[in-house]
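Novice: pasting the sequence and the predicted model now:
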Amino acid sequence: MKEIDGQSVIVADHEVMACVESRERPQALIQGIDLLAPLRTGAEAQKAHDVVRKVSPAVEADRSLAPDIEAVARLIDKGCFSAILR
């Protein structure tokens, strides 16, 4: 964690992006960012979070994640997350 502009920030953008792109539990990673609020993540990880949240809402109750997993896999296949790092 790092202090930026008086706020604690989770700094691990490249680790987050590598995890998302490798399909290594991206929904769990993004959910973790949500659960750590009010802490903030880095800019690139926040962009990835926002992209995932457009197709996969936060898990607030027990539900099947199969449609969300497929939607995020399609984003990965389209290169949406690689584009964030360019």
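Specialist: Received it, and whenever you're ready, just let me know what you need. Numbers count the residues shown, from 1 in each chain.
Novice: what about the residue nearest to Ile84 when sequence neighbours are not counted, how many neighbours?
Specialist: Nearest residue to Ile84 in three dimensions, chain neighbours excluded: Lys47, at 4.8 Å (C-beta to C-beta, 6 or more residues apart in numbering). C-betas here are computed from N, CA, C, even on glycine. As a burial measure, Lys47 scores 19 neighbours (other C-beta atoms under 10 Å).
Novice: measure Lys47 to Gln27 for me?
Specialist: Using C-beta to C-beta, to the nearest Å, Lys47 is found at 16 Å from Gln27.
Novice: how about Asp77?
Specialist: 16 Å.
Novice: quick one: classify Ala28 as helix, strand or coil.
Specialist: helix (DSSP: H, G, I helix; E, B strand; the rest coil).
Novice: next, count neighbours for it.
Specialist: Other residues close to Ala28 by other C-beta under 10 Å number 11.
Novice: distance check, it against Ala83.
Specialist: Ala28 is 22 Å from Ala83, by C-beta to C-beta.
Novice: next one: Leu65
Specialist: When Leu65 is compared with Ala83 (using C-beta to C-beta), they lie 24 Å apart.
Novice: more neighbours, those two?
Specialist: When Leu65 is set against Ala83 and neighbours are counted by other C-beta under 10 Å, the residue ahead is Leu65, at 15 against 10.
Novice: residue contacts, the residue nearest to that one when sequence neighbours are not counted?
Specialist: Closest residue to Leu65 apart from its sequence neighbours, by C-beta to C-beta, 6+ apart: Gln27 at 6.1 Å. By C-beta atoms under 8 Å, 6 or more residues apart in numbering, the contact list for Gln27 reads Val52, Ser56, Val59, Leu65, Asp68, Ile69, Val72.
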